[in-house]
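In: give me a 3D structure for the following:
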Amino acid sequence: MQKKRSVSLNAVRTFVLTARHLSILKAAAEVGLTASAVSHQIKKLEGDLGLALFKRSHNFLVLTDAGRRLYDDAASAIAAIDRSTEALSRDQNEIVVRVSVSLAVRWLIPALERFKTVHPAARVRVETKITSDISLGTCDLAISYHRAGSTPADGEWLAADMSRPVASPALLAAAKYQGMGDLGRIPALQCAQDNWDWSLWTRTLGLEPGVINIQHVFDTDDAALHAATAGLGMVLAPAFLTEREIRSGGLVALPGFGPVDLGHYRVVFQRHENRMTRKFRKWLGEEMQRMV
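Out: Numbers count the residues shown, from 1 in each chain. Got it, this is the predicted structure:
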């Protein structure tokens with residue numbers, strides 16, 4: 001009788017994360033290991049199985065047929081195990097939500113007290129990510145972002161990203177901005193990878209790409225909005241991310257330009273959610289409607 005192969009569950013978990021990101025560095029960051037440790041676990045798993053799970057070429061990872069089959073089977077199983085163990089360690093009033101840093105700081109956290117007023121027994125744990133590419137993982141809910149034109153299958157609609165350029169009144173005055181023809185006088189701030197948002201904005205409005213003059217680059221919307229308030233340049237943002245600064249007069253929408261649809265936010269949630277999570281998900285939609 002052939003001896004059954006035995007593999008490490010931790011190695012399978014590490015493989016699933018690496019396959020999801022197609023990046024050893026991103027998988028290592030998520031599990032808190034070094035890239036070399038992740039690489040070692042995957043090579044050990046491949047050795048135990050006697051199969052190559054990835055094709056490696058010029059620092060890019062591609063799943064082999066065997067790797068794709070293992071990922072399809074193992075990803076849902078690992079997620080189920082994580083959900084079960086997580087559920088045993090916390091009660092039904094705790095909600096774990098994963099969201100980008102900017103959305104958490106500028107919208108979700110300031111609004112949480114309103115949820116607690118209605119549901120005082122609830123305990124909300126917020127996990128933040130710098131990137132807007134948010135995966136659900138073992139969390140109860142996640143708020144993910146999708147560029148205009150994408151058609152994600154998971155989750156439910158939360159809000160459109162109707163963004164417009166905002167800048168400090170002092171910067172507009174110093175640049176003697178009068179209207180659309182003066183757009184080139186206002187330096188722009190970049191906070192999206194590859195500057196895709198400004199590119200989409202200019203294409204949608206039929207503007208020449210060269211009219212946008214990028215002066216500074218930031219890794220989050222929140223950092224870029226702080227820079228805009230300090231007068232360093234204009235930034236693209238939806239109204240619900242700039243409510244505080246618009247209300248205080250620290251930022252104003254650039255005269256002559258209306259909002260442009262750059263994408264949308266979705267709420268992704270576990271198939272088997274508890275009652276408090278359902279209430280929180282319903283509240284998210286109501287709160288966003290109140291803001292837009």
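
In: run through who's touching the longest helix that the chain contains.
Out: When the chain is parsed with DSSP state H, its longest helix is helix 65-88. Residues outside helix 65-88 that contact it (Cβ atoms under 8 Å, 6 or more residues apart in numbering): 12-13, 15-16, 19-20, 49, 51-54, 63, 96, 137-138, 270, 272. Using the backbone N, CA and C atoms, a C-beta is placed for each residue, glycine as well.

In: give the buried residues for stretch 14-23.
Out: Of all the residues in stretch 14-23, those buried under the rule 16 or more other Cβ atoms under 10 Å are 14, 15, 16, 17, 18, 19, 21, 23.

In: tell me the angle of the helix or strand where the third one lies relative to helix 65-88?
Out: In other words, residue 16. Element membership for residue 16, per DSSP states H and E: helix 9-21. Using axes from the mean of the first three to the mean of the last three Cα atoms, to 10 degrees, the inter-axis angle of helix 9-21 relative to helix 65-88 is 110 degrees.

In: check which element follows helix 9-21 along the chain.
Out: With DSSP H and E, the next secondary element past helix 9-21 is helix 24-31.

In: alpha carbons of that following helix, as CSV, please.
Out: Provided in CSV are the C-alpha atoms of helix 24-31 (Å, rounded to 0.1, in the frame of the first residue of the first chain):
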residue,chain,number,x,y,z
ILE,A,24,6.4,36.2,-2.3
LEU,A,25,7.0,39.7,-0.9
LYS,A,26,3.3,40.4,-0.4
ALA,A,27,2.6,37.0,1.1
ALA,A,28,5.5,37.5,3.5
ALA,A,29,4.2,40.8,4.6
GLU,A,30,0.7,39.4,5.3
VAL,A,31,2.0,36.5,7.4
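
In: show me what it is packed up against.
Out: Other elements packing on helix 24-31 under the criterion 3 or more Cβ pairs under 8 Å, 6 or more residues apart in numbering; DSSP states H and E are helix 9-21, helix 35-49.

In: among those helices, which comes closest to residue 221?
Out: When the helices and strands packed on helix 24-31 are compared by Cβ to Cβ, helix 9-21 sits nearest residue 221, at 21.9 Å.

In: give me the angle between the longest helix of the chain and helix 35-49.
Out: Angle of helix 65-88 versus helix 35-49, following the same axes, to 10 degrees, is 110 degrees.

In: okay, buried residues for helix 65-88 please.
Out: The neighbour-count check on helix 65-88 (16+ other Cβ under 10 Å) flags 67, 70, 71, 74, 75, 78, 79, 83, 86, 87 as buried.

In: how about stretch 35-47?
Out: Within stretch 35-47, the residues that count as buried by 16+ other Cβ under 10 Å are 38, 39, 41, 42, 45, 46.

In: do the same with stretch 208-228
Out: For stretch 208-228, by 16+ other Cβ under 10 Å, it's 212, 216, 218, 220, 221, 222, 223, 224, 225, 227, 228.

In: circling back to that earlier point, quickly check the buried residues of helix 65-88 for the two that are furthest apart.
Out: Using Cβ to Cβ, the buried residues of helix 65-88 span at most 29.4 Å, a distance reached by 67 and 87.
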